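Participant: what's the 3D shape of this:
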Amino acid sequence: MSSIPTAKANPYLAVFDLDETLIAADSASLWIAYLVEQGIAPASLLEEEQEMMKAYAKGEMDMDAYMAATLKPIAGMDYQALNALVDDFIEKKIKPALYDDAIERIQWHKKRGDKVLIISATGEHLVKPIAAMIGADDAIAIKLEHINGILTGKTSGTLTYQHGKVIRMKAWLDEQDTQFKGSYGYSDSINDLPMLDAVDRPFAVNPDPALALHAQMNEWTIMDWRHENNILR
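Facilitator: I've put the predicted structure just below:
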């Protein structure tokens, strides 16, 4: 049963994962590669990050350890410097990776009057500006700790990973003025099974093998998204 409250004559909520769902890549991995290119992170972090991503693919990642390692390069940075880097990163790395079908699906939801929410197990410094660029109404991501606008390299609050996505989504729903008529959910990853189980209409987008099997067994719609034309470039 869906855990999202419903009401008649209200909009639907469309919840999207970001990495490998809306873009044909992992934004955090692209970000680390970008920081290495800029001379901000050591090249050794690339190999370390890829090893940790192997655990993610199995649903076994230590997200606290991952965030600690990948936030080190920006610890001590202020938001003005960070935001300038992120703007350049999005233009060079994210826009070319967008799935055309994902953008079209978001636009389909917007035309219906639905509210579009992106929930990602990536830092909010990347997710929120990417979500704004894509046209989402809001975004939930891993919060970064800062002191007087200076990043500490640590996270705060519940991490938006696996069941943590549902916890943060419920908290977000409690803050909304409107209850939703129903909900859609989109993801590629078995890590997002709790989130997909929490919506009324789950969709497996370019699913990994474990999610594909689950989707087939539960008769969920499986979607094959491409980005050949890249309509937002």
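Participant: secondary structure element for the spatially most central residue of the chain?
Facilitator: The residue lying closest to the centre of the chain (Cα atoms, centre = their mean) is Ser120, at 2.5 Å. With secondary structure defined by DSSP states H and E, Ser120 is part of strand 115-123.
Participant: Output the contacting helices and strands for that strand.
Facilitator: The contact analysis (3 or more Cβ pairs under 8 Å, 6 or more residues apart in numbering; DSSP states H and E) places strand 115-123 against strand 12-16, helix 27-37, helix 63-71, helix 100-112, helix 124-134, strand 138-147, helix 163-175. For glycine as for every other residue, the C-beta is placed from the backbone atoms N, C-alpha and C.
Participant: Give me whichever of those is most buried.
Facilitator: Per residue and on average, the most neighbours among those fall to strand 12-16, with a mean of 25 (mean count of other Cβ atoms under 10 Å).
Participant: how far does that one sit from the chain's center?
Facilitator: 13 Å (Cα atoms, centre = their mean, to the nearest Å).
Participant: What of stretch 85-102?
Facilitator: 13 Å.
Participant: can you check stretch 106-118 too?
Facilitator: Distance, centroid of stretch 106-118 to centroid of chain: 16 Å (Cα atoms, centre = their mean).
Participant: Begin at 437 from now on, thanks
Facilitator: Fine by me, first position is 437 from now on; the one you just mentioned is stretch 542-554.
Participant: Restrict it to CA atoms and write it as PDB.
Facilitator: Below are the C-alpha coordinates for stretch 542-554, written out as PDB (Å, rounded to 0.1, in the frame of the first residue of the first chain):
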ATOM      1  CA  ILE A 542       9.100  15.600 -16.800                       C
ATOM      2  CA  GLN A 543       7.500  17.900 -19.300                       C
ATOM      3  CA  TRP A 544       4.600  15.500 -19.600                       C
ATOM      4  CA  HIS A 545       4.000  15.600 -15.800                       C
ATOM      5  CA  LYS A 546       4.300  19.400 -15.700                       C
ATOM      6  CA  LYS A 547       1.700  19.800 -18.500                       C
ATOM      7  CA  ARG A 548      -0.700  17.600 -16.400                       C
ATOM      8  CA  GLY A 549      -0.200  19.900 -13.500                       C
ATOM      9  CA  ASP A 550       1.800  17.400 -11.500                       C
ATOM     10  CA  LYS A 551       4.500  18.300  -9.000                       C
ATOM     11  CA  VAL A 552       7.900  17.000  -9.900                       C
ATOM     12  CA  LEU A 553      10.300  16.000  -7.100                       C
ATOM     13  CA  ILE A 554      13.800  14.700  -7.500                       C
END
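Participant: Appreciated, that's everything.
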